[in-house]
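# turn this into a structure:
(2 chains)
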Protein chains: 2
Amino acid sequence: MQFFPIHTRLIKPKEDYLEIILEAMKAQSLTFEDGDILILSEKIVATSEGRIVNLKEVKASPRAKELAKKYYVDEKTVELVLQEADEVLSGVPRILLTLKNNMLMPNAGIDHSNAPSDHVILLPKDPWISAEKARSKIMKRFGRRIGVLIIDSRVMPMRMGTIGLALGVAGFEPMDDIRGRDDLYGKMLLVTLRAVADDLASAAQLVMGEANESNPAVLARGAPVMMTDRPIKRDSMYISPDECLYIRGFERWNWGKKDRKREMP
Amino acid sequence: MQFFPIHTRLIKPKEDYLEIILEAMKAQSLTFEDGDILILSEKIVATSEGRIVNLKEVKASPRAKELAKKYYVDEKTVELVLQEADEVLSGVPRILLTLKNNMLMPNAGIDHSNAPSDHVILLPKDPWISAEKARSKIMKRFGRRIGVLIIDSRVMPMRMGTIGLALGVAGFEPMDDIRGRDDLYGKMLLVTLRAVADDLASAAQLVMGEANESNPAVLARGAPVMMTDRPIKRDSMYISPDECLYIRGFERWNWGKKDRKREMP
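Here you go, the predicted model:
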């Protein structure tokens, strides 16, 4: 399995990101092969879609002002969070925990980094549609059956630093369902599903960097994923809070209560 | 960046896993280069260390019986969880949420899959020491400066399937601290740390598989990580519950309360 970083020039709003990537690939003598996955940062897709907002042009609602004060977030950013999030679930100082496109997102994925001064970048409008569009364009032009993956960064419970997150998938199965297959001792595996799209997102994050590396795309070759032409379901990487070990677990875990006395399960 | 799966024969308890891996590498004509990371599944390390327990020989304590009943987990497994976990934090049906080696772990990392019938595999005794031992052995024998990473699987909040988790690291920095570096627009990045060891763990999980693939090791070449000879601190990938977005966020999020009415933040 190989990962090739694709180094591009800075993209300007409304420019066609795919053309810029294809140009960069040409300069690096990179061509598509069947089974390749083109991995894109959400930033290059969102910038291309013009999803950049000048904070000076945002007017905070009373609700935004209230939350901004409570959670020490800039009120214009909160206003955008309220507009962008499907649901605001909770908050901690400086961050609102939101649900967007069936994913847990700090501040609805709105980001100040790698945006012009006083501007923020929203998430791509619909990463699933963007991924499918890029896939069909490449398939038509190059005659190769590839996958496309749009990724962002995220954090893990009680874990430092960011890893990758799959936002939108086209052309390959995001989950590897190994239920029913045998383990090393021939016993049937009952519950294991592997989140291969998320694994790929983390591998790509390593190569992309998050500072000024300007590698907004990565070509993955030889990844052991199952290619498909069927549209990938939007909720195929989602489990409900009801089924979530952490949500149900943390709910019962009384961390943060007076003098940190925890009620044992 | 490249990942080479290393295909081995089945390892028996107390066998030297490193010799088996080196033998397999030889058969695949794989040699070490400076900067390579050898990535090991916790299963092969734990098996080699004899960390396999026959459940028939476990006697459940009254506390284990109580928790087993409450959470629908086999009482002998719960007994082992109580012995293995640094702390039992909480629980949901079939899983106890525990803290072990500063990591959130379902059932203290105790696993029935890829273990002989009626047996379970515990986590390696000390993944940090195991990683450092493997590193120094390889450096001495081959004269190459490499890193070693021991990995497990984990799940994400509200996300289906498993991704990789770094359990123990030697020879490279597990975090890429990009605070103070510039973004694409020359603005200084304030808060971003990348969990490169976790990213590598997820990339390796893709290649290893979790069924009967028998690829318990992966060689990563060209990974953009910083090599080091200093001992990696055990808590270098850990943040406290106090700083954790999810724990603090879920605490305030009243999901699961009567008729799912949530109190907005």
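# in chain A, spot the helix with the most residues.
Ranked by number of residues, the top helix in chain A under DSSP state H is helix A:127-142.
# how far away from the center of its chain is that one?
The chain centre lies 17 Å from the centre of helix A:127-142; the measure is Cα atoms, centre = their mean, to the nearest Å.
# now stretch A:3-12
Distance, stretch centre to chain centre, for stretch A:3-12: 18 Å (Cα atoms, centre = their mean).
# what's the average pLDDT for it?
Per-residue pLDDT values over stretch A:3-12 give a mean of 93.
# give me the distance between the two termini of it.
Start and end residues of stretch A:3-12 are separated by 25 Å (Cα to Cα, to the nearest Å).
# touching it from outside, list them.
When contacts are taken as Cβ atoms under 8 Å, 6 or more residues apart in numbering or on different chains, the neighbours of stretch A:3-12 outside the stretch itself are A:17, A:20-21, A:23-25, A:28, A:30, A:44, A:47-48, A:203-204, A:206-208, A:213-221, B:1-2, B:184, B:203. (Glycine included, C-beta is placed from N, CA and C.)
# of those residues, which belong to helices?
When the contacts of stretch A:3-12 are checked against helices (DSSP H), the matches are A:17, A:20-21, A:23-25, A:44, A:47-48, A:203-204, A:206-208, B:203.
# returning to what we had before: which of the contacts of stretch A:3-12 count as buried?
For the contacts of stretch A:3-12, a burial check counting by 16 or more other Cβ atoms under 10 Å in any protein chain shown picks out A:17, A:20-21, A:24-25, A:30, A:44, A:47-48, A:203-204, A:206-208, A:214-220, B:1, B:184, B:203.
# pLDDT below threshold where in the stretch 151-265 of chain A?
Applying pLDDT under 70 to the stretch 151-265 of chain A flags residues A:178-191, A:210-213, A:251-265.
# ranges for the strands of it?
Assigned by DSSP state E, counting those that start in this stretch, the strands in the stretch 151-265 of chain A fall at A:162-170, A:176-177, A:193-194, A:217-221.
# chain B is nearest to which of those strands?
The minimum distance between chain B and these falls on strand A:193-194, with 4.1 Å, by Cβ to the nearest Cβ.
# centre of the chain to the closest one, how far?
The answer for strand A:193-194 is 18 Å, by Cα atoms, centre = their mean.
# what does stretch A:215-224 give?
15 Å.
# is it positioned near chain B?
Yes. With Cβ under 8 Å from any Cβ of the partner chain as the measure, stretch A:215-224 is seen reaching chain B through A:223-224.
# give me the residues contacting that stretch.
Contacts of stretch A:215-224 from elsewhere in the structure, counted by Cβ under 8 Å, 6+ apart, are A:1-8, A:11, A:17, A:21, A:24-25, A:30, A:32-33, A:35-41, A:43-44, A:196, A:200, A:203-204, A:207-209, B:206-207, B:209.
# just the CA trace of that stretch, in PDB.
What follows is stretch A:215-224, C-alpha atoms only, in PDB (Å, rounded to 0.1, in the frame of the first residue of the first chain):
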ATOM      1  CA  ASN A 215      -0.400  18.800   0.100                       C
ATOM      2  CA  PRO A 216      -4.200  19.000  -0.100                       C
ATOM      3  CA  ALA A 217      -4.500  15.700  -1.900                       C
ATOM      4  CA  VAL A 218      -3.000  12.200  -1.600                       C
ATOM      5  CA  LEU A 219      -3.200   9.300  -4.000                       C
ATOM      6  CA  ALA A 220      -3.500   5.900  -2.200                       C
ATOM      7  CA  ARG A 221      -2.500   2.900  -4.200                       C
ATOM      8  CA  GLY A 222      -2.900  -0.800  -3.200                       C
ATOM      9  CA  ALA A 223      -5.300  -0.100  -0.300                       C
ATOM     10  CA  PRO A 224      -7.100  -3.300   0.600                       C
END
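# list the residues that contact the residue nearest to the spatial centre of chain A.
Against the mean C-alpha coordinate of chain A, by Cα atoms, centre = their mean, the closest residue is A:Asp152 at 3.2 Å. For A:Asp152, the residues meeting the contact criterion (Cβ under 8 Å, 6+ apart) are A:41-42, A:109, A:123, A:164-165, A:167, A:201.
# ok, and of the residues you listed, which contact chain B?
Filtering those for neighbours of chain B using Cβ under 8 Å from any Cβ leaves A:164, A:201.
# drop anything exposed from the contacts of A:Asp152.
Burial of the contacts of A:Asp152 was assessed by neighbour count (16+ other Cβ under 10 Å); the buried members are A:41-42, A:109, A:123, A:164-165, A:167, A:201.
# gap between the helix or strand containing A:Phe4 and the chain center?
A:Phe4 is part of strand A:2-6, with elements assigned from DSSP states H and E. The chain centroid and the centroid of strand A:2-6 are separated by 18 Å, computed with Cα atoms, centre = their mean.
# and that strand, what's buried?
When neighbours are counted by 16+ other Cβ under 10 Å, the buried residues of strand A:2-6 are found to be A:3-6.
# now swap in stretch A:51-64 and tell me
Residues of stretch A:51-64 classed as buried under the neighbour-count rule (16+ other Cβ under 10 Å) are A:51-53, A:55, A:58, A:60, A:64.
# of all these, which comes closest to B:Cys244?
Distances from those to B:Cys244 were compared by Cβ to Cβ; the smallest belongs to A:Ala64, at 25.1 Å.
# dump the residue contacts of that closest one.
With contact set as Cβ under 8 Å, 6+ apart, A:Ala64 has these partners: A:75-76, A:78-79, A:81-82.
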